[in-house]
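Trainee: I would like to see how this sequence folds:
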Amino acid sequence: MSEVASEQKLGMGALFQNQVIRTILLSVLFLQIGIWVRNYSILLYVIEKTNENPVAVSMISVAEFAPIFLFSFIGGTFADRWRPKRTMIWCDLLSAVSVFVVLITLFFGSWKVIFFATLVSSILSQFSQPAGMKLFKLHVPAELVQMGMSMYQTVFALFMILGPVLGTFVYEQFGIMAAVAVMGVAFVCSAAVLLMLPADQITFEEKRETSLMEEMKDGFRYVLNSKHLTLLGGTFMAAGLAIGLTQPLGVFLITERLDLPKENLQWLMAAFGIGMILGGGITVGISRKVSPQILLAIGLTASAIGFIGMGMSTAFWLTLTAQFFSGLFMPCIHIGINTMILQNTEEAFIGRVNGILNPVFMGAMIITMSASGWIKSHLSIVYMYEASAVLLLVGIVVLLPLMKKEAPAAQLKGEI
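Mentor: Okay, the predicted model is just below:
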């Protein structure tokens with residue numbers, strides 16, 4: 001145990017000595033502040049303006065996730081062409097500009113312009129996120145990649161707890177104008193932090209001899225020729241359909257199934273986040289002994305059980321428990337997916353592979369997300385959550401062909 005502990009300390013020390021990891025984590029911190037204030041202030045604002053209209057609420061999620069489907073592949077392709085540092089900085093600055101435009105417009109125009117802030121920042125993130133992954137691949141030593149990704153996920157997990165509380169507090173105490181201003185300042189701070197990244201390599205501009213369309217075609221051929229990546233895409237599709245069906249319904253789970261004020265939604269998210277933080281430590285500990293396919297299957301199974309519990313529960317404590325259980329195993333999904341992509345993708349195709357698989361997930365998610373408001377008006381919310389659980393189980397079935405052919409996980413992780 002002492003040897004393991006000393007190795008972990010050395011690993012953490014080396015991790016935070018890496019300038020790229022430190023900078024990206026600090027940038028993500030500011031971005032998460034802006035994103036969660038955006039998500040919750042706009043959600044509560046629209047609920048208030050529309051008297052809890054389920055279609056209007058679901059359109060918030062569509063504005064947030066539709067650009068991932070529409071722009072992810074384009075952004076991933078450009079991540080393999082453009083200078084990543086410059087791309088990330090410009091994306092954050094343009095997000096800030098769009099937010100301040102919304103702030104000015106709110107003084108004079110319709111409240112519906114608030115959707116624009118979500119739409120623009122979501123589009124720009126499709127260029128920034130793959131550029132960040134490219135920097136990670138270029139500048140982070142192989143032995144630190146998995147630990148760095150776990151820290152990256154930990155920041156997201158922390159904001160699953162802090163984000164809803166922060167977003168709700170800012171909106172309820174200061175109003176939508178202040179919330180929009182906080183978003184803009186957060187994006188500017190993120191851009192400033194990114195200036196500390198190492199200078200971009202000139203080769204990103206010099207080595208491009210093929211056209212953008214050719215590189216896009218190469219990306220599709222690369223994924224189609226990989227059995228691991230195509231089956232992972234099938235799992236992504238099933239998971240996207242499942243998550244999209246329930247994504248806009250959390251507030252109605254609180255108000256209808258539990259008969260509580262909508263503000264209690266933040267405690268469900270907090271329970272999920274606490275589970276993610278605890279599960280992250282457990283998952284990193286077992287990931288060396290378990291293949292990424294098995295990790296992903298475990299995470300999907302736990303999420304299915306969580307959906308069943310949330311849909312059937314009429315007690316607040318039981319719903320919280322189901323959310324916590326889902327969060328506890330969510331790192332299995334993230335680490336399993338990221339490890340599979342890294343193991344089965346060459347460096348030159350990282351952006352495009354992410355840009356292909358993410359739209360598969362998000363496209364499926366948007367289909368059910370866009371229809372969820374209409375479905376809810378015809379079906380019980382219980383049936384919707386149970387249907388989501390079944391779709392997650394379908395995703396596990398798609399993964400089964402890869403379970404038997406996986407080499408020992410420890411060997412593969414050593415090769416990343």
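
Trainee: Please report the residue range of the longest helix in the chain.
Mentor: Secondary structure of the chain read by DSSP state H shows that its longest helix is helix 142-194.

Trainee: counting contacts, what elements does it pack onto?
Mentor: helix 2-17, helix 19-50, helix 84-108, helix 114-139, helix 265-286, helix 316-343 (3 or more Cβ pairs under 8 Å, 6 or more residues apart in numbering; DSSP states H and E). Bear in mind the C-beta positions are built from the backbone N, C-alpha and C, glycine included.

Trainee: Now do the same for the shortest one: mean pLDDT, whole number.
Mentor: Looking back up the chat, that one is helix 2-17. Helix 2-17 comes out with an average pLDDT of 54.

Trainee: How about stretch 390-407?
Mentor: Per-residue scores along stretch 390-407 average to 80.

Trainee: circling back: which of the helices and strands packed on helix 142-194 has the lowest average pLDDT?
Mentor: In terms of mean pLDDT, the lowest-scoring of the helices and strands packed on helix 142-194 is helix 2-17 (a mean of 54).

Trainee: Out of the helices and strands packed on helix 142-194, the one nearest residue 218 is which?
Mentor: helix 114-139 (15.6 Å; Cβ to Cβ).

Trainee: sorry, back to before: tabulate the helices and strands packed on helix 142-194 in a markdown table, adding columns for mean neighbour count.
Mentor: Shown next, in a markdown table, are these (neighbours: other Cβ atoms under 10 Å):
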| stretch | mean neighbour count |
| --- | --- |
| helix 2-17 | 11 |
| helix 19-50 | 20 |
| helix 84-108 | 20 |
| helix 114-139 | 22 |
| helix 265-286 | 20 |
| helix 316-343 | 22 |
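
Trainee: how about these, which one is nearest residue 233?
Mentor: Closest of the helices and strands packed on helix 142-194 to residue 233 is helix 316-343, at 10.9 Å (criterion: Cβ to Cβ).

Trainee: after the one helix or strand residue 356 maps to, next one along is what?
Mentor: Assessed by DSSP states H and E, residue 356 sits inside helix 350-376. Proceeding N to C from helix 350-376, the next assigned helix or strand is helix 381-403, under DSSP H and E.

Trainee: name the helices or strands packed onto that next one?
Mentor: Against helix 381-403 (3+ Cβ pairs under 8 Å, 6+ apart) you get helix 227-246, helix 292-312, helix 350-376.

Trainee: what comes up buried for the first one?
Mentor: Read that as helix 227-246. 228-229, 231-246 (16 or more other Cβ atoms under 10 Å).

Trainee: follow-up on the earlier one: and the angle from the longest helix of the chain to helix 84-108?
Mentor: With axes from the mean of the first three to the mean of the last three Cα atoms, to 10 degrees defining the directions, helix 142-194 sits at 40 degrees from helix 84-108.

Trainee: Helix 142-194 - what's its average pLDDT?
Mentor: What helix 142-194 shows for mean pLDDT is 81.

Trainee: between the helices and strands packed on helix 381-403, which gets nearest to residue 131?
Mentor: helix 350-376 (7.7 Å).

Trainee: Three-state assignment for residue 200, please.
Mentor: Under DSSP: H, G, I helix; E, B strand; the rest coil, residue 200 falls in the coil class.

Trainee: mind checking pLDDT for it?
Mentor: On the pLDDT scale, residue 200 gets 70.

Trainee: One more: the one 4 residues further on?
Mentor: Per-residue pLDDT puts residue 204 at 45.

Trainee: For residue 314, give its distance to residue 131.
Mentor: 45 Å (Cβ to Cβ, to the nearest Å).

Trainee: about what we covered before: could you list the buried residues of the helix holding residue 356?
Mentor: Here helix 350-376 shows 350-370, 372-373, 375-376 as buried, counting by 16+ other Cβ under 10 Å.

Trainee: That helix vs helix 84-108, what angle?
Mentor: Using the same axes, to 10 degrees: helix 350-376 against helix 84-108 is 30 degrees.

Trainee: what helices or strands is helix 350-376 leaning on?
Mentor: helix 54-79, helix 114-139, helix 212-224, helix 227-246, helix 316-343, helix 381-403.

Trainee: what would those helices look like in a markdown table with distance to residue 283?
Mentor: Converted to a markdown table, these look like this (distance: least, Cβ to Cβ, whole Å):
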| stretch | distance to residue 283 |
| --- | --- |
| helix 54-79 | 24 |
| helix 114-139 | 19 |
| helix 212-224 | 26 |
| helix 227-246 | 17 |
| helix 316-343 | 4 |
| helix 381-403 | 17 |
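
Trainee: of all those, which lies closest to residue 90?
Mentor: Going by Cβ to Cβ, the one of the helices and strands packed on helix 350-376 nearest residue 90 is helix 114-139, 8.4 Å.

Trainee: still on that earlier bit, tell me the angle the longest helix of the chain makes with helix 114-139.
Mentor: Counting by the same axes, to 10 degrees, helix 142-194 lies at 140 degrees to helix 114-139.

Trainee: next one: helix 142-194 to chain centre, how far?
Mentor: Remark: helix 142-194 is offset 13 Å from the chain centroid, using Cα atoms, centre = their mean, to the nearest Å.

Trainee: try stretch 18-29
Mentor: 17 Å.

Trainee: same deal with stretch 250-267?
Mentor: Using Cα atoms, centre = their mean, the offset of stretch 250-267 from its chain centre is 23 Å.

Trainee: Which residues does that stretch contact?
Mentor: Residues external to stretch 250-267 that are found in contact with it (Cβ atoms under 8 Å, 6 or more residues apart in numbering): 40, 43-44, 47, 52, 54, 57, 164-165, 167-168, 172, 268-269, 310, 313-316, 319-320, 376, 381-382.

Trainee: still on that earlier bit, for the helices and strands packed on helix 350-376, which one sits closest to residue 306?
Mentor: helix 316-343 (3.1 Å).

Trainee: and the angle for the closest one with helix 142-194?
Mentor: Angle, helix 316-343 to helix 142-194, by the same axes, to 10 degrees: 110 degrees.

Trainee: Which residue would you name as the spatial centre of the chain?
Mentor: Central residue of the chain (Cα atoms, centre = their mean): residue 156, 8.3 Å from the mean position.

Trainee: Centre of the chain to the helix holding residue 356, how far?
Mentor: 12 Å.

Trainee: pLDDT of it, averaged?
Mentor: pLDDT averaged over helix 350-376 gives 81.

Trainee: And for stretch 53-71?
Mentor: 73.
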